[in-house]
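>>> Got a predicted structure here, sequence first:
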Amino acid sequence: MEDTKRPSWSSYISFIIAAIGSAVGLGNIWRFPYVTGKYGGAVFLLTYLLIIIFICAIPLCLELALGKFFKKDTITCYEKISPKLKWFGQLNLITAILIPAFYFVVGGWIINYIWIFLTNNIPSDFSVYFSELNSSPYQPIILTFLFLFIVAIFPYRGVNKGIEKANNFMMPTLAVALILLAIVAISLPGAKEGLEFMFKPDFSKFSEELILTALGQALFTLSIGMGAMVTYGSYLNKDVNIKKSAYTLIFFDTLVSILAGVMIFPVVFTYGIEPTAGASLAFISLPQIFLNMPFSIPCAILFFLLLFFAAATSGISLMETSTACFIDNFKISRKKAVVILTLIIGILSIPSALSFGALENFKIFGKTIFDSLDFVTSTILLPFNTLIICIICGWFASEITKEAFGEGKFAGLLKFLLRYILPLVFAYALIVGL
């Protein structure tokens, strides 16, 4: 068996880039613009900013601190607080395995779109093309497996040789692509209208559903409630300031989401798409529009490369979360752990990949398998896992809150919110979601 000594980040910058890579995913580039469009633009953005700064920053600090304090995987960290909490760590592991089972299907779609634009094999109607792609009995599975294989390579190679190197290349490339596309977007005729929609609030659009959606978006985009930040935190050096790191991560994660909106909404308003177009925006509406834009093919390739890097860096963090649990709990080598997990996720992803084709009529409470996994993880498991860590650390693990918040008046405010406000917020979100 290989040496299973705990790895560590080669530098603080490498950790920050990897953590940003974990947080910045399809939730920022794909989901954030369409939920922002659906819930009124600027008023959603404002609500989201308040939630991510004053609510979701707290469990983010806790997860990083938990990993840093115990230097172990998610399951072992909770077990060290109390053996009775081992099940909660296991629930985090289940969440980290279930998300890729549907998330990686989207990664497969992205690979396919990069290929058709690179080879100039572009369909005339993307609505028909997307439907035909997903109705194929084998193509979605092959594409999902391809994305899974690409992602698995980096945890297989290790924290420094794999995960760090992947993020050190992908994240700067993602940033450049996003900035270039945003520049092209704001040069379009509808840029002013699109930017006003995003930055000029219309408070008549404010609603309870908007608040809950913004909360769910913040949890998903920061990788909270799935053990990823516990795992990345466990590779930190002792002198790292958790609170500073968490807010640095939030700043860059939010910046990417805002830039994604700046990239999308001018295009939407220039070409007359409804900003509420939804999830189909990236795979049906925008590809059709790219054909009419300046630098059409390069813009399309850049956009889908952007999506690919976002999906891959988040996927890597999810794979690493599960890998760390397998290494620490089953005492197996990293390579063996990654191979086993790749097989498990591959098998679980098959029904999701076929959800829009061969299994489209198979419904669970009216939802496809893909949508059911999305619902169970995003609406139930993430808020529940976050609720539990808030209760545990707020009332029974003062050493973790001290590690997370430090001392002083601001730390006192965060502890108050953690104990008395956040459990109510996440419990309410869970109840309403159900």
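In hand now; what should we look at? Just so it is clear, the model here is predicted, and its values are computed rather than measured.
>>> quick one: contacts for Ser322?
93, 96-97, 337, 341 (Cβ atoms under 8 Å, 6 or more residues apart in numbering). C-beta coordinates here come from the backbone N, C-alpha and C atoms, glycine included.
>>> go again using 10 Å as the cut-off
Contacts for Ser322 (Cβ atoms under 10 Å, 6 or more residues apart in numbering) come out as 73-74, 92-97, 100, 155, 226-228, 231, 337-338, 340-341, 344-345.
>>> pretty sure it is in a helix, no?
Yes - assignment of Ser322 by DSSP: H, G, I helix; E, B strand; the rest coil places it within a helix.
>>> Give me the pLDDT for Glu407.
pLDDT for Glu407: 86.
>>> So Thr270 sits against Met293, correct?
Yes - using Cβ atoms under 10 Å, Thr270 is in contact with Met293, at 8.6 Å.
>>> so what sits against both of those two?
In contact with both Thr270 and Met293: 185, 188, using Cβ under 10 Å, 6+ apart.
>>> related to what we said a few turns ago, show me the contacts of Ser322 that map onto helices.
Using DSSP state H, the members of the contacts of Ser322 that fall in helices are 74, 92-97, 100, 155, 228, 231, 337-338, 340-341, 344-345.
>>> Now, of those residues, which are buried?
Neighbour counting over the ones in helices among the contacts of Ser322 (16 or more other Cβ atoms under 10 Å) leaves 74, 92-97, 100, 155, 228, 231, 337-338, 341, 345 as the buried ones.
>>> So which of those residues is the closest to Ser317?
Ala228 (4.4 Å; Cβ to Cβ).
>>> I figured Asn28 hits Ala175, correct?
No - the pair Asn28 and Ala175 fails to qualify as a contact (Cβ under 10 Å) at a distance of 11.8 Å.
>>> Who has more neighbours out of the two?
Asn28 (27 against 18; other Cβ atoms under 10 Å).
>>> so who does that one touch?
174, 178, 217, 220-221, 253-261, 306, 310, 314 are the contacts of Asn28 under Cβ under 10 Å, 6+ apart.
>>> With Thr368 instead?
Taking Cβ under 10 Å, 6+ apart, one finds 102, 351-352, 354-356, 359-362, 374 in contact with Thr368.
>>> for Gly261, same thing?
Per Cβ under 10 Å, 6+ apart, neighbours of Gly261: 28-29, 32-33, 36-37, 41-42, 44-45, 182, 185, 194-195, 197-199, 268, 275.
>>> at 8 Å instead, please
32-33, 36, 45, 198.
>>> Mind telling me what element it is part of?
Assigned by DSSP states H and E, Gly261 belongs to helix 242-270.
>>> what about that helix, average pLDDT?
For helix 242-270, the mean confidence score works out to 92.
>>> Tell me the helix or strand right after that helix.
Next along from helix 242-270, by DSSP H and E: helix 285-290.
>>> list the helices and strands that next one packs on?
helix 126-135, helix 242-270, helix 296-330 (3 or more Cβ pairs under 8 Å, 6 or more residues apart in numbering; DSSP states H and E).
>>> Buried residues, the first one. List them.
Meaning helix 126-135. Under 16+ other Cβ under 10 Å, the buried positions of helix 126-135 are 126, 129-130, 133-134.
>>> outside of that helix, which residues touch it?
Contacts for helix 126-135 (Cβ under 8 Å, 6+ apart): 109, 112, 123, 139-140, 280, 283-285, 287-288, 356-358, 360.
>>> Now which of those would you call buried?
109, 112, 139-140, 283-285, 287-288, 356-358.
>>> okay if I get these as CSV plus distance to Leu210?
Formatted as CSV, the buried ones among the contacts of helix 126-135 follow (distance: Cβ to Cβ, whole Å):
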residue, distance to Leu210
Trp109, 28
Asn112, 33
Gln139, 37
Pro140, 32
Phe283, 25
Ile284, 25
Ser285, 23
Pro287, 28
Gln288, 29
Phe356, 28
Gly357, 33
Ala358, 36
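>>> okay, these in JSON lines with distance to Lys205 and pLDDT next?
Below are the buried ones among the contacts of helix 126-135 laid out as JSON lines (distance: Cβ to Cβ, whole Å; pLDDT from 0 to 100):
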{"residue": "Trp109", "distance to Lys205": "30", "pLDDT": "96"}
{"residue": "Asn112", "distance to Lys205": "35", "pLDDT": "97"}
{"residue": "Gln139", "distance to Lys205": "39", "pLDDT": "96"}
{"residue": "Pro140", "distance to Lys205": "35", "pLDDT": "96"}
{"residue": "Phe283", "distance to Lys205": "26", "pLDDT": "89"}
{"residue": "Ile284", "distance to Lys205": "25", "pLDDT": "87"}
{"residue": "Ser285", "distance to Lys205": "21", "pLDDT": "83"}
{"residue": "Pro287", "distance to Lys205": "28", "pLDDT": "89"}
{"residue": "Gln288", "distance to Lys205": "27", "pLDDT": "84"}
{"residue": "Phe356", "distance to Lys205": "30", "pLDDT": "90"}
{"residue": "Gly357", "distance to Lys205": "36", "pLDDT": "89"}
{"residue": "Ala358", "distance to Lys205": "39", "pLDDT": "87"}
